[in-house]
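sequence isn't available, so here's the structure alone:
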């Protein structure tokens with residue numbers, strides 16, 4: 001008999017795991033995801049990525065922003081990947097083997113909503129994955145499986161998260177099979193925890209007075225959510241992509257076109273801009289944007 005599960009998740013990053021569980025013939029009794037919400041400038045009511053995958057497979061879907069009053073079917077284990085809500089105490093022990101969560105760090109480092117972004121923001125060389133049992137405390141449960149995964153040189157946090165999701169589905173499948181057959185037990189987290197709160201739009205504001213290496217890693221950390229941005233003459237400009245190599249030295253905030261490249265000065269060097277999006281306009285190359293400017297450019 002196949003393992004009966006409930007799956008809870010919402011954004012794109014959860015999709016590869018639900019697909020992998022379906023392909024591995026787990027008996028998915030219900031999929032829990034957040035309610036449809038308005039997206040984009042036109043405010044179109046849109047289902048979550050997980051709702052779309054579940055409906056593609058013909059799986060029963062529970063759309064809710066809170067599990068407080070939700071009942072789940074009788075299952076062997078429940079799986080959470082970025083659902084976006086707390087599992088109440090009354091549900092934690094309801095499945096035979098409890099609830100397991102896929103978290104993108106090597107716990108206890110970077111507990112919270114944005115582990116990959118915060119690790120990249122802090123200049124860490126790697127992130128990771130932990131599969132742990134949920135308890136009534138944020139990301140504090142005992143761990144069944146974890147491993148570190150290095151960042152690629154040029155990837156953003158969004159890129160890294162997508163890569164992690166597609167490359168670790170086998171880790172989840174294997175761990176679930178070990179749990180449900182009683183082959184492994186979780187081990188308590190060891191070491192001092194650190195935390196990874198969600199980044200805000202203010203975190204995305206670029207501080208050109210920092211060292212170039214720090215500016216680059218922070219832009220990568222907030223791309224594409226909540227997004228890196230700066231100001232020019234009081235108008236916001238989104239910085240979508242920058243080069244990983246540090247450029248020559250220029251005054252802080254100064255935008256300089258040099259031999260087909262667009263640089264912005266920092267404390268000790270410069271950052272090469274690759275793609276930008278001025279307010280009210282479409283994405284464009286930094287060179288196309290710079291060519292359209294007539295005045296001396298200094299980011300605020």
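In hand now; what should we look at? Because the structure is predicted, anything quoted here is derived from the model rather than measured.

CA atoms for contacts and neighbours, from now on please.
Will do.

list the contacts of the closest residue to residue 205 other than its chain neighbours.
Counting by CA to CA, 6 or more residues apart in numbering, residue 205 lies nearest to residue 229, which is 5.1 Å off, once chain neighbours are set aside. Going by CA atoms under 8 Å, 6 or more residues apart in numbering, residue 229 touches 204-206, 236-239.

can you rerun that using 10 Å?
The contact partners of residue 229, by CA atoms under 10 Å, 6 or more residues apart in numbering, come to 201-207, 219, 222-223, 236-240, 276-278.

pLDDT score assigned to it?
The score at residue 229 is 97. That number is its pLDDT.

ok, then the element right after the helix or strand encompassing it?
Per DSSP states H and E, residue 229 falls inside strand 228-232. Sequence-wise, the next helix or strand downstream of strand 228-232 (DSSP H and E) is strand 235-247.

stretch 58-71: which residues count as buried?
Going by neighbour count (16 or more other CA atoms under 10 Å), the buried part of stretch 58-71 is 59, 61-63, 66-67.

now do the same end-to-end measure for it.
20 Å (CA to CA, to the nearest Å).

tell me the mean pLDDT for that stretch?
On average, the pLDDT along stretch 58-71 is 95.

gap between residue 163 and residue 156?
For residue 163 relative to residue 156 (CA to CA), the value is 11 Å.

those two: who's more crowded?
Neighbours per residue (other CA atoms under 10 Å) separate residue 163 from residue 156, with residue 156 holding more: 27 against 15.

need the contact list for the closest residue to the more buried one other than its chain neighbours.
Nearest residue to residue 156 in three dimensions, chain neighbours excluded: residue 220, at 4.4 Å (CA to CA, 6+ apart). Shown in contact with residue 220 (CA under 10 Å, 6+ apart): 117, 120-121, 154-160, 204, 214, 227-228, 239-244.

burial of residue 275, as a residue count?
19.

wouldn't it be in contact with residue 228 here?
No. The pair residue 275 / residue 228 is not scored as a contact, 11.3 Å apart, by CA atoms under 10 Å.

okay, and the common contacts of the two?
238-241.

can you give the strand pairings for the lowest-mean-pLDDT helix or strand in the chain, parallel or anti for each?
Here the helix or strand of the chain ranked lowest by mean pLDDT, DSSP states H and E is strand 37-39, holding a mean of 85. Sheet pairing of strand 37-39 (DSSP bridges) gives strand 44-46 (antiparallel).

fine, thanks again, bye for now.
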